[in-house]
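>>> prediction below, plus the sequence it came from.
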Amino acid sequence: MSQQTLNGFGFFKSSSGVKRALESDSETVESPKKKFIKNLNQDSFEWYVADENGVWHCSVCRECKLDNAYARGHSKPGKTTNHTRHADSNQHKASVTRLKYKGKESLPKQVDNILTKEADSITSYMKCAYHQAKHELPKSAFKELIDLADNLNVELIKDKSCEPLYTSNYSLNEFHQSISDVIWEGKYEAIIRSQKYGLIIDESTDIGNKKQLLAYIQYLDEDGVKCALLENMLITTSHANAETITCKIKDCLERKQIDISKMVGIGTDGASVMTGSKNGVVKRLKDFAPSLIGVHCAAHRCSLATSQATKSIPELESYSRTVTNIFYYFSNSALRSNKLSEIQSLLNLPSLKFANIHSVRWLSLQNAVEVLYRSYPALVVALEHEAVTNSVAKGLLNEVV
């Protein structure tokens, strides 16, 4: 094969041709040389530090007492690429997690501590609610009791603004119901063991003008006859007739799982709705408890007897009005009450306030008369001073002297 032919295939080229070919290749093919941009430094890894001997190491792995190259350390700082690989290793990640929760209690222990704190807080709420109910304080006093407990650094459950929670009337009712349920649990077993029981029921109207039906239960225990509050039932219907009261009692006994047929006695007032021979509450309950005996409350009978007896004696009626007028004369004026208190002090008498006679308070006349008797000298002196300028005081003075 001739050289010309070989030249045609490009085996032989001139030096200038080779140079042009190399130049052409350099324009189309990039250099295989890699470019490296160092965008990390030693400061990017807070855990990579030098100890007192100048050994660079991973403080996280060393603190967790791991045996790896980074825990043992390097005499000179390593490459950042190696740091990155170490940071992504499972050993390093596990060490970071371990140190994160070091010194902290386990999850079950933390949950138990939270529940214990909440239980202590709820106990504090319960104590305040019990105090409010025991001393017959208004519901508005509950929040004041909670605020007092908060000021005394009692552990309470608070909202984001650090204000105690569960101070509403709804929460207070929940606390009262919970306390009532606990107290009732201890009574229930004794009532069941008693086999027979009796009820004491009466109607009343609270300060909110709502009709209430109070029911107490009497039962036999090892120590004798016991009495406990069964329930305070709200009557929401427009008529508190015998049918309504009977249904309330039946529902209450069923809800508390007490057998109505074992009821052998019931104490009520003398109102016809309770003791009516045809449609009274006692008559209706006898259909479910055949052995039931109705008893007219002795306290009600005594109150009726005393109140009816005074109506036939004009002097007692007049005396009751005088006692009532004296009460209102002093209670309606703070100045008169203060003057009476000063006179009692000067005469070495007990500082007493006159009592009123309530038609719903049995024998309240006794307390009113007793206070009047013990403060009689101070009363006369006070009325004598007031009678000079006050005709009402003059009239009262004529009645008591």
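Arrived safely, thanks for sending. Residues are numbered from 1 along each chain as shown.

>>> quick one: buried residues of whichever strand or helix holds Glu399?
Here Glu399 sits within helix 391-400, counting by DSSP states H and E. Under the neighbour-count criterion of 16 or more other CB atoms under 10 Å, helix 391-400 has Ala393, Leu396, Leu397 buried. Yep, even glycine has a C-beta here, placed from its N, CA and C like the rest.

>>> now do the same for Ser333: its pLDDT.
pLDDT recorded at Ser333 is 88.

>>> with Ser359 instead?
On the pLDDT scale, Ser359 gets 64.

>>> what do you get for Ala382?
On pLDDT, Ala382 comes in at 91.

>>> list the contacts for it?
Each residue near Ala382 by CB atoms under 8 Å, 6 or more residues apart in numbering is listed here: Arg336, Lys339, Leu340, Ile343.

>>> now do 10 Å
Ala382 is in contact with 329-330, 336-337, 339-344, 375, 393, 396-397, counting by CB atoms under 10 Å, 6 or more residues apart in numbering.

>>> now the residues you listed in JSON lines, with pLDDT?
Below are the contacts of Ala382 laid out as JSON lines (pLDDT from 0 to 100):
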{"residue": "Tyr329", "pLDDT": "91"}
{"residue": "Phe330", "pLDDT": "90"}
{"residue": "Arg336", "pLDDT": "90"}
{"residue": "Ser337", "pLDDT": "89"}
{"residue": "Lys339", "pLDDT": "90"}
{"residue": "Leu340", "pLDDT": "90"}
{"residue": "Ser341", "pLDDT": "91"}
{"residue": "Glu342", "pLDDT": "91"}
{"residue": "Ile343", "pLDDT": "91"}
{"residue": "Gln344", "pLDDT": "90"}
{"residue": "Ser375", "pLDDT": "90"}
{"residue": "Ala393", "pLDDT": "88"}
{"residue": "Leu396", "pLDDT": "89"}
{"residue": "Leu397", "pLDDT": "90"}
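
>>> ok, of these, which come out buried?
329-330, 336-337, 339-341, 343-344, 375, 393, 396-397.

>>> restricted to helices, list those.
Tyr329, Phe330, Arg336, Ser337, Lys339, Leu340, Ser341, Ile343, Gln344, Ala393, Leu396, Leu397 (DSSP state H).

>>> include distance to Asp221 when you put the buried residues of helix 391-400 into CSV, please.
Shown next, in CSV, are the buried residues of helix 391-400 (distance: CB to CB, whole Å):
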residue, distance to Asp221
Ala393, 56
Leu396, 52
Leu397, 56
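
>>> the buried ones among the contacts of Ala382: which two are farthest apart?
Greatest spatial distance in the buried ones among the contacts of Ala382: Ser341 and Leu397, 18.8 Å, computed using CB to CB.

>>> tell me the helix or strand right after the worst-scoring helix or strand of the chain on mean pLDDT.
Every helix and strand in the chain was compared by mean pLDDT, DSSP states H and E; the lowest is helix 15-28, with a mean of 48. Toward the C-terminal end, the helix or strand that comes next after helix 15-28 (DSSP H and E) is strand 48-50.

>>> thanks a lot, catch you later.
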